[in-house]
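1. sequence below, structure please.
(one chain, ligands or ions: 1)
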Amino acid sequence: MTTTEGARRVAVVGAGILGASIAWRLARRGVRVVLVDKGGAGHGASSHSFAWINAGGKEPIGYHNLNRRSMEMWPRFAAAVGDCGDPDSVGLRWGGKVSWESNTAAAKALADRVRLLQSWGYPTRLIDACELKRLEPALDVGDVTAAEYSPNEGQVEPQMVVDACLRRLRELGCDVLEYTEVTGFEQSDDGRVHVLGTSSGDLEADVVVAAAGAGTTHIAALAGVSVPQARSPGVVVRTNPLPRLLGNVPVVYAPALDPARPEIHMRQCADGRMMIGEGDQESLAEDDTQAHADELLERACRYLPGLAGARAVPVPVGWRPMPLDGYPAMGFASEAPNLYVAITHSGVTLTPVLSQLAAQEVCDRTPADAVLGPYRPQRFDGITLDEVASAPNPRMAKLR
Ligand SMILES: Cc1cc2nc3c(=O)[nH]c(=O)nc-3n(C[C@H](O)[C@H](O)[C@H](O)COP(=O)(O)OP(=O)(O)OC[C@H]3O[C@@H](n4cnc5c(N)ncnc54)[C@H](O)[C@@H]3O)c2cc1C
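-> Below you'll find the predicted structure:
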């Protein structure tokens, strides 16, 4: 694979799962890439992520389909970036997700969601308590009013993906600058960025990819570009490493105990640690205390008795990159025509497709409008920071 315009210098700002993957895709095409991160690679949202690969809660159908396309790309992507073509080397594991509800209202919502997803051709289905128990015998499911199984979903280890990208980049002779903060840009009269100011000195680039996660708003603003975000803190605690507990189904959503103790989700990492989060994939959470971690583990233990004796390890709050309306923002900016914005929620699920399209748009200058048209950063033009500060829930913002 080669670029149509020959090798160019591209600086990718942000070495999370999305930025590192874009950098690797560009380098494979012969582009001279420098990947810059103000911290250690992967230490942003990617290291806090529950990293469940799914298209279940993604609406409307266009966004659902984008996620599905990316899910289907994961095996090839993992094999291509992983060591010796081995998807296991990035912790990719399939086997699906189960969830169940015990109260009637929540059970109806679950059944409605399954029916909607089925109408979109998603291979999810309602199951009964016996099948739930058979699918994952390690679970103590209690009362089951409705249950669901989505066999096509899975999980991955974002840090392993980032580390693999870095190995591939170094093999291709590219520079990776960790602990190097981008602090400003030199721009020409037409807004084009030609120099990045960093804490380690200036860097020249023909194209800059702003994939700085929650920091993308700041990076873009340095170039006069508006990429507003909603505030989206999340907490997923861990345990000490444990023997494999979930033998068949890697991702489990267990019901709320009462309104103050909402649903929890859990999965086991490749290193044996169990991850436990509360609420859904967009729930705001900032309690990263040991007491809260202990409480989440206690709740998880009710559903997964094999967790008895495990130790809860609190994890600091993670900041989801969250464009104001909750959807990706991908593409060249109007105000800085060689600055490519790449920010998304659900970035673990979406990395294969978004990194591929970003590399294509940067290398070929062929807009992938058929897929990315609804997700251009220009939809935020004219939004002021005051409006952002008072923004409601992301998907309620209805910018599109
Ligand atoms: C609690 C939680 C649970 C999640 N669960 C899921 C899930 O189950 N499934 C899913 O698909 N997604 C999930 N996500 C979302 C997903 O993790 C993110 O969308 C994804 O990790 C974003 O990757 P990224 O590379 O865009 O950003 P990040 O991983 O945040 O990387 C951005 C990088 O940019 C760097 N940076 C920032 N500013 C600068 C600067 N000025 N100079 C240089 N570098 C800079 C940062 O240091 C950071 O390393 C979850 C996120 C969280 C927080």
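2. residue 330 against residue 375, yeah?
-> Yes. At 5.1 Å, residue 330 and residue 375 qualify as touching, with contact defined as Cβ atoms under 8 Å. Where you see a C-beta, it was placed from the backbone N, CA and C, and this is true even at glycine.
3. from residue 321, how far out is the residue sitting nearest the centre point of the chain?
-> By Cα atoms, centre = their mean, the chain has its centre lying nearest to residue 347, at 2.4 Å. Here residue 347 is placed at a distance of 7 Å from residue 321 (Cβ to Cβ, to the nearest Å).
4. any shared contact partners between those two?
-> Between them, residue 347 and residue 321 share these contacting residues under Cβ atoms under 8 Å, 6 or more residues apart in numbering: 45, 213.
5. state the number of residues packed around the residue lying closest to residue 146 once chain neighbours are set aside.
-> Leaving aside its chain neighbours, residue 146 sits nearest to residue 107 (3.6 Å; criterion: Cβ to Cβ, 6 or more residues apart in numbering). Neighbourhood size, residue 107 [other Cβ atoms under 10 Å]: 19.
6. tell me which helix or strand comes right after the helix or strand containing residue 107.
-> Counting by DSSP states H and E, the element that carries residue 107 is helix 104-119. Next helix or strand after helix 104-119 toward the C-terminus (DSSP H and E): strand 125-127.
7. ok, that following strand: who's next to it in the sheet?
-> Strands that pair with strand 125-127, judged by DSSP bridges, come out as strand 146-150 (antiparallel).
8. centre of the chain versus the strand it pairs with, how much separation?
-> 23 Å (Cα atoms, centre = their mean, to the nearest Å).
9. what's next to it, contact-wise?
-> With Cβ under 8 Å, 6+ apart as the criterion, strand 146-150 contacts 54, 56, 96-101, 106-108, 110-111, 113-114, 117, 122-129, 131-132, 135, 141, 249.
10. what do you get if the cut-off is 7 Å, keeping everything else the same?
-> Residues from elsewhere that reach strand 146-150 (Cβ atoms under 7 Å, 6 or more residues apart in numbering): 56, 96-101, 107, 110-111, 114, 123-129, 132, 135.
11. what's the mean pLDDT across it?
-> Averaged across strand 146-150, pLDDT comes to 98.
12. ignoring the adjacent residues along the chain, who's closest to residue 179?
-> residue 39 (6.5 Å).
13. the one you found - that's part of a helix, no?
-> No. Read with DSSP: H, G, I helix; E, B strand; the rest coil, residue 39 is coil and lies in no helix.
14. gap between it and the ligand?
-> To the ligand, residue 39 is 4 Å away according to Cβ to the nearest ligand atom, to the nearest Å.
15. go on, residue 214?
-> Taking Cβ to the nearest ligand atom, one finds residue 214 at 6 Å from the ligand.
16. residues touching that residue, list them.
-> Taking Cβ under 7 Å, 6+ apart, we find residue 214 in contact with 45, 229, 319, 321.
17. name the SS class of the last one, please.
-> The one in question is residue 321. With three-state DSSP as the criterion, residue 321 reads coil.
18. who are the contact partners of it?
-> Per Cβ under 7 Å, 6+ apart, neighbours of residue 321: 45, 213-214, 216, 229, 343-345, 347.
19. please repeat the previous calculation with a cut-off of 6 Å.
-> Contact analysis of residue 321 by Cβ atoms under 6 Å, 6 or more residues apart in numbering lists 45, 213-214, 343.
20. which ones among those residues lie within helices?
-> Among those, the members falling in helices (DSSP state H) are residue 45.
21. just curious, which of the contacts of residue 321 is nearest to residue 315?
-> residue 45 (12.1 Å; Cβ to Cβ).
22. that closest one touches residue 318, doesn't it?
-> Yes. If you go by Cβ atoms under 6 Å, residue 45 and residue 318 touch, sitting 5.4 Å apart.
23. could you report the neighbour count for the residue nearest to residue 345 when sequence neighbours are not counted?
-> Closest residue in space to residue 345, ignoring its immediate chain neighbours: residue 322 at 5.2 Å, by Cβ to Cβ, 6+ apart. When neighbours are defined as other Cβ under 10 Å, residue 322 has 26 of them.
24. my read: residue 322 touches residue 229, true?
-> Yes. Checked against Cβ under 6 Å, the pair residue 322 and residue 229 is within contact range at 5.2 Å.
25. what's the neighbour count on the closest residue to residue 187 other than its chain neighbours?
-> Leaving out its chain neighbours, the residue that sits closest to residue 187 by Cβ to Cβ, 6+ apart is residue 193, at 5.4 Å. Neighbour count for residue 193, taken as other Cβ under 10 Å: 25.
26. quick one: residue 193 from residue 44, how far?
-> 22 Å.
27. now residue 221
-> Shown here: residue 221 relative to residue 44, a distance of 18 Å by Cβ to Cβ.
28. and those two? Which one has more around it.
-> For residue 221 versus residue 44, neighbours defined as other Cβ under 10 Å are more numerous around residue 44 (30 against 13).
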